[in-house]
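J.: Test case, fold it:
(chains A and B, ligands or ions: 2)
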Amino acid sequence: MPTAPAGTLYRGREGMWSWVAHRVTGVLIFFFLLVHVLDTALVRVSPEAYNAVIGTYQTPIMGLGEAGLVAAIVFHAFNGIRVALVDFWSQGTRYQRVMLWVVLGLFVVTMAGFLPRHLSIVFGGH
Amino acid sequence: MSTQTAIPTPRSPYARRKTTRGNFELYSWVFMRASGVLLVVLVFGHLFVNLMVGDGVHAIDFAFVGGKWASPFWQTWDLLMLWLAMIHGTNGVRTIINDYAERDATRGVLKVLLYLAFTITVVLGTLVIFTFDPCPSDAPAELLASFCTA
Ligand code: HEM
Ligand code: HEM
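T.: Residues are numbered from 1 along each chain as shown, chains lettered A, B, ... in the order given. Ligands and ions are numbered 1, 2, ... in the order given. Coordinates of the predicted model:
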């Protein structure tokens, strides 16, 4: 396997960067999920243990982490649909670049719906 | 005697090459796309209910989980999400290990670790959903869902 492939049309353009972002977000979500199942398993230890650990998730810093996690999954999800459309839809490859802009548009709209709500919960007292 | 030329069965499946290891990579490629579509619904629903509705993250505590897992609907939802996300994510990370770990030994070790993490997480997560008791009798009532005392 060559470690430095020769330049291709594909390399360095939107297609490559969306692939890199898809890969990075996928790994991130995977590791989150391993930890997430462990912390949820604390409900089998005791209500006190679960509440103590979940309490640390309700701090402003973790709130920002949750926002980042949601951003990662929203991008991965929409771009994953785009990847599937490129593969299965007969016009998919022709519109792959347009679809990336649609993905980014949907990403912005979704985050615009989510962030104000989540951040006001996280930073809004309690 | 009728002379016969061997005509191959018209609909014999197309094979680019004779495979010796089955079509595992094809199935896993299809699975990534099919599970992805389902996960959009499952994960977005999960995030919406746990982060957007009511008090969002602030509402999450033992009683909140008790309220959700008292219902077979959310048990099934979470079980499906657990299995699909773990198989999808493990298969994705397997691809990435194959891409970057070039030495056989490194690849072997990383995959053993990956499958170990997969097994532990899926078994633990499944057990938690099925053995969960929303109203443990030795716990203070104010930490439990309201239906425990009713
Ligand atoms: C910050 C965001 C998140 C919060 C606050 C959160 C919260 C929770 C809570 C409170 C539970 C307990 C049961 C329930 O409510 O259904 C749970 C379980 C679960 N969550 Fe999340 N979650 C988040 C993100 C995610 C993501 C992104 C995934 C998928 C990749 C996920 C997958 C799961 C699974 C599979 C379970 C069941 C665990 C088990 O079987 O023990 N969660 N989550
Ligand atoms: C929310 C819905 C999701 C959709 C629509 C989706 C879609 C996809 C698709 C279509 C692929 C294949 C990409 C390719 O073959 O080039 C993929 C790869 C991947 N996904 Fe997801 N996925 C979702 C959720 C998740 C979750 C919850 C995790 C983590 C537990 C995850 C982790 C990964 C990883 C690690 C890869 C491999 C990336 C690579 O090979 O570059 N995905 N996803």
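J.: Quick one: name the residues of chain A near ligand 1.
T.: Proximity of chain A to ligand 1 (C-beta under 6 Å from any ligand atom) is limited to residues A:29, A:33, A:36, A:37, A:40, A:41, A:66, A:69, A:73. In this view, the C-beta of every residue, glycine as well, is placed from N, C-alpha and C.
J.: which one is the fourth one nearest to, not counting chain neighbours?
T.: Once its chain neighbours are removed from consideration, residue A:37 has its nearest residue in residue B:125; the separation is 4.4 Å (C-beta to C-beta, 6 or more residues apart in numbering or on different chains).
J.: now swap in the last one and tell me
T.: The spatially closest residue to residue A:73, leaving aside those adjacent along the chain, is residue A:29, at 5.7 Å (C-beta to C-beta, 6+ apart).
J.: Is ligand 2 within reach of the helix or strand containing the residue nearest to residue A:37?
T.: Here residue B:125 sits within helix B:104-131, counting by DSSP states H and E. No. Using C-beta under 6 Å from any ligand atom, helix B:104-131 stays clear of ligand 2, with a minimum separation of 10.0 Å.
J.: In that helix, which residues have enough neighbours to count as buried?
T.: Neighbour-count burial for helix B:104-131, counted by 16 or more other C-beta atoms under 10 Å in any protein chain shown, picks out B:110, B:111, B:114, B:117, B:118, B:121, B:122, B:124, B:125, B:126, B:128, B:129.
J.: any chance of those residues in TSV, plus pLDDT?
T.: Formatted as TSV, the buried residues of helix B:104-131 follow (pLDDT from 0 to 100):
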residue	pLDDT
B:110	97
B:111	97
B:114	98
B:117	97
B:118	98
B:121	97
B:122	98
B:124	97
B:125	97
B:126	97
B:128	96
B:129	95
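J.: Now distance to residue A:90 too, for those residues, in a markdown table please.
T.: Listed next are these as a markdown table, based on distance: C-beta to C-beta, whole Å:
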| residue | distance to residue A:90 |
| --- | --- |
| B:110 | 38 |
| B:111 | 36 |
| B:114 | 35 |
| B:117 | 39 |
| B:118 | 35 |
| B:121 | 38 |
| B:122 | 37 |
| B:124 | 43 |
| B:125 | 39 |
| B:126 | 40 |
| B:128 | 44 |
| B:129 | 41 |
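J.: Quick check: the farthest pair among the residues of chain A next to ligand 1?
T.: A:41 and A:73 (21.1 Å; C-beta to C-beta).
J.: how about the residue found closest to residue A:121 once you drop the neighbours it is linked to in the chain, what does it touch?
T.: Distance criterion C-beta to C-beta, 6+ apart; nearest residue to residue A:121, sequence neighbours excluded, is residue B:56 at 3.8 Å. Contact analysis of residue B:56 by C-beta atoms under 8 Å, 6 or more residues apart in numbering or on different chains lists A:117, A:118, A:121, A:122, B:50.
J.: related to what we said a few turns ago, show me what the helix or strand harbouring the residue nearest to residue A:73 is packed against.
T.: Element membership for residue A:29, per DSSP H and E: helix A:14-40. If contacts are counted by 3 or more C-beta pairs under 8 Å, 6 or more residues apart in numbering or on different chains; DSSP states H and E, helix A:14-40 sits against helix A:47-56, helix A:60-88, helix A:96-123, helix B:72-100, helix B:104-131.
J.: Kindly present those helices as JSON lines, with separate columns for distance to residue B:31.
T.: Conversion of the helices and strands packed on helix A:14-40 to JSON lines gives the following (distance: least, C-beta to C-beta, whole Å):
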{"stretch": "helix A:47-56", "distance to residue B:31": "32"}
{"stretch": "helix A:60-88", "distance to residue B:31": "12"}
{"stretch": "helix A:96-123", "distance to residue B:31": "22"}
{"stretch": "helix B:72-100", "distance to residue B:31": "7"}
{"stretch": "helix B:104-131", "distance to residue B:31": "14"}
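J.: Cool, thanks, talk later.
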